[in-house]
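Undergrad: Pasted the sequence and its predicted model underneath.
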Amino acid sequence: MSQLLDIETTLIRDGRLASAACLVVAVSGGPDSLALLHRLTALATPYGWRLHVAHLDHGLRGEQSAAEAAFVAEIAADWGLTATIELRDVDQVAKHYHVGLPAAARATRYRFLAEVALQQQADAVVLGHQSDDQAETVLLHVLRGTGPSGLSAMRPRTEWVGWRVTAGMPHQAVGPALIRPMLNITRDEIEAYCDEQQLEPRRDPTNNSLEYTRGRIRHQLLPLLGEYNAKVVSALARTARLAAIETDYMQSELDRQWQHLIEFEPGAITFHREQWNQMHPALQRHAIRRAVYLLRPERDELTSSQLDHALSAMNSLQLFCQMPHNLVLHRKPHGWTMTVATTMQPTNDEPQLSIDEWPLNQQGMTPLPDERWRVIMELMPSRPEYNLSRWQGLLDADAIQGKLMLRQRRPGDRMRPAGGIGSRRIQDIMVDMRLPRELRAQWPLFVDDVGILWIPGLLMAEHAHPTPETTNFLLITLEDTHADAS
């Protein structure tokens, strides 16, 4: 008899399910979910569970997927179970959110399961993922680059707080857990159980496709690895369990610090610099991953190299960092804000020049039109002995021709950056320095009668940059009167 019969031990090991009233069972009609539902029906009576079947037609395979939906509805009726069968247009979801079909299908599926479970007042949603699925997930994460959180892959139990964002319900305080009781059971064992119980599951032909990475892992990479280790699936599952233990500890530590570390608003998470600087780098990585998950739950986790890039920016004086998934890290006076780029609008937190040009007092202070930012210019006989902030520029005063002024970027603007070879378009400089598109048009440029001298926060022009022979210096400070912008 197949090991699948042991799911009772897995389910009841956690005492919370022993007293559950209702379980929603995700059923595709394939071998895994059908075997799971069959075994649960045998356990439902002794444990007093009310089972409710949930099936989602992704609308991608026409009549074939419609037939699978009808099959699941018939199975539920024959076995005396209630069911929710729905059709949702995953292709439209993918186009709307600019994600691939696998990511859109996953987000849509979890949203559907959450809605059904909440409507049924279920204690948990039970899923048919098994050990081969777990091994594929571990390898998928390894190939993309990952750490312990990615290696931990799928969990036997995920509380509502751990998947409510994935379900598109971040503000729903209470909800069901996700239960995966078959993570220690192989695909072959499940097939054997279906044969023993004379179950006739439906088979999705896309599972044999090599179009997506998971399919190639399933049909090409895992069999190849099996030639090196016949028990590669169980080895990868063991890796996931060990990584989960370490990740759980890191997450508990992050939970302890999270409230004081961040401020959350729709579309943006701000990390407080003081608390951030006190965190261990390993915990910083988990914090970035959590922020990305909260802002873009429908997208895959960051790879290790992408995470390294974000960490490098946050631990430097860099102003902006463009991230995957249309996210931007934006340096603030007292921390960093991660935001979905489409939600970012120019604000007074960054210097913005609302008119084409603005004259400057050649000595002393000049307020900008917004009356929040101001420019202070000071002639100096020698270099300052202190480090300059990103909003301070030190120019060779004798290199300035005519009057200094501020103006916006204009078509054809070019500048040779200090230390660079040849001139470059200002537009290209702003792109390479990862200045968000929304801020470029009104970013203030310091110019004289000849050209651009300094792009504050970004680059100084070569001809205005002080040399060892410079004897007269001009210190320009762009000052935010509402905050310390050092």
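TA: Thanks, I have it.

Undergrad: low-confidence ranges in the protein?
TA: Where the chain drops to pLDDT under 70, the residues are 1-5, 14-15, 98, 298-300, 341-348, 386-387, 420, 482-486.

Undergrad: so how far is residue 186 from the residue lying closest to residue 209 once chain neighbours are set aside?
TA: Residue nearest to residue 209 in three dimensions, not counting chain neighbours: residue 215, with 4.9 Å by CB to CB, 6 or more residues apart in numbering. Where C-beta positions appear, they are placed from N, C-alpha and C, glycine not excepted. Separation of residue 215 from residue 186 (CB to CB, to the nearest Å): 18 Å.

Undergrad: and these two? which has more neighbours close in?
TA: Ranked by neighbour count (other CB atoms under 10 Å), residue 215 and residue 186 place residue 186 first, with 19 against 16.

Undergrad: got a list of what the more buried one touches?
TA: 130-132, 233 (CB atoms under 8 Å, 6 or more residues apart in numbering).

Undergrad: circling back to that earlier point, check which helices and strands whatever helix or strand the residue nearest to residue 209 lives in sits against.
TA: In this assignment (DSSP states H and E), residue 215 forms part of helix 213-216. Here helix 213-216 touches helix 131-144, going by 3 or more CB pairs under 8 Å, 6 or more residues apart in numbering; DSSP states H and E.

Undergrad: From the chain's centre, how far out is the next helix or strand after the helix it packs on? Work that out for me.
TA: The helix or strand immediately downstream of helix 131-144 is helix 148-151, counting by DSSP H and E. Between the centre of helix 148-151 and the centre of its chain there are 14 Å (CA atoms, centre = their mean, to the nearest Å).

Undergrad: In what element of secondary structure is residue 106 found?
TA: In the assignment (DSSP H and E), residue 106 maps to helix 101-120.

Undergrad: partners of the next helix or strand after that helix, with directions?
TA: Once the chain leaves helix 101-120, the next helix or strand it forms, by DSSP H and E, is strand 124-126. Its sheet considered, strand 124-126 pairs with strand 22-26 (parallel), strand 177-179 (parallel) by DSSP bridges.

Undergrad: Find the nearest non-adjacent residue to residue 30, please.
TA: Nearest non-adjacent residue to residue 30, counting by CB to CB, 6+ apart: residue 201, 5.3 Å away.

Undergrad: What residues does that neighbour make contact with?
TA: With CB under 8 Å, 6+ apart, residue 201 has these contacts: 29-31, 34-35, 194.

Undergrad: Could you dump the contacts of residue 186 into TSV with neighbour count added?
TA: As requested, these are exported to TSV (neighbours: other CB atoms under 10 Å):
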residue	neighbour count
130	27
131	21
132	21
233	23
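
Undergrad: tell me the contacts of the closest residue to residue 334 other than its chain neighbours?
TA: Nearest residue to residue 334, sequence neighbours excluded (CB to CB, 6+ apart): residue 273, at 5.5 Å. Each residue near residue 273 by CB under 8 Å, 6+ apart is listed here: 334-336.

Undergrad: Most neighbours among these, which one is it?
TA: For the contacts of residue 273, counting by other CB under 10 Å, the largest number of neighbours falls to residue 336: 24 neighbours.

Undergrad: domains of this protein?
TA: Following automatic domain parsing, the chain resolves into domains at 3-228, 257-343, 357-480.

Undergrad: coming back round to it: filter the contacts of residue 201 to the buried ones?
TA: 29-31, 34-35, 194 (16 or more other CB atoms under 10 Å).

Undergrad: Relative to residue 403, which of the residues you listed is nearest.
TA: Closest approach between these and residue 403, by CB to CB: residue 30, at 74.5 Å.

Undergrad: pretty sure the closest one contacts residue 204?
TA: Yes: under the criterion of CB atoms under 8 Å, residue 30 makes contact with residue 204 at 6.1 Å.

Undergrad: Now for the closest residue to residue 219 other than its chain neighbours: which residues touch it?
TA: In this structure, residue 219 finds its nearest non-sequential neighbour in residue 210, 6.4 Å apart by CB to CB, 6+ apart. Residue 210 sits next to 216, 219-220 when contact means CB under 8 Å, 6+ apart.

Undergrad: Any of those residues buried? List them.
TA: Buried subset of these (neighbour count, 16+ other CB under 10 Å): residue 216.

Undergrad: I'd like to know how far the residue nearest in space to the middle of the chain sits from residue 120.
TA: By CA atoms, centre = their mean, the chain has its centre lying nearest to residue 292, at 2.9 Å. Distance, residue 292 to residue 120, using CB to CB: 31 Å.

Undergrad: Same check on residue 324?
TA: 36 Å.

Undergrad: how many neighbours does residue 140 have?
TA: Applying other CB under 10 Å, we find 20 residues neighbouring residue 140.

Undergrad: what about residue 331, which helix or strand?
TA: According to DSSP H and E, residue 331 maps onto strand 327-332.

Undergrad: tell me what the helix or strand following that strand is packed against?
TA: Where DSSP H and E defines the elements, the next helix or strand beyond strand 327-332 is strand 335-340. With contacts defined as 3+ CB pairs under 8 Å, 6+ apart, strand 335-340 has these neighbours: strand 268-272, helix 273-277, helix 281-295, strand 327-332.
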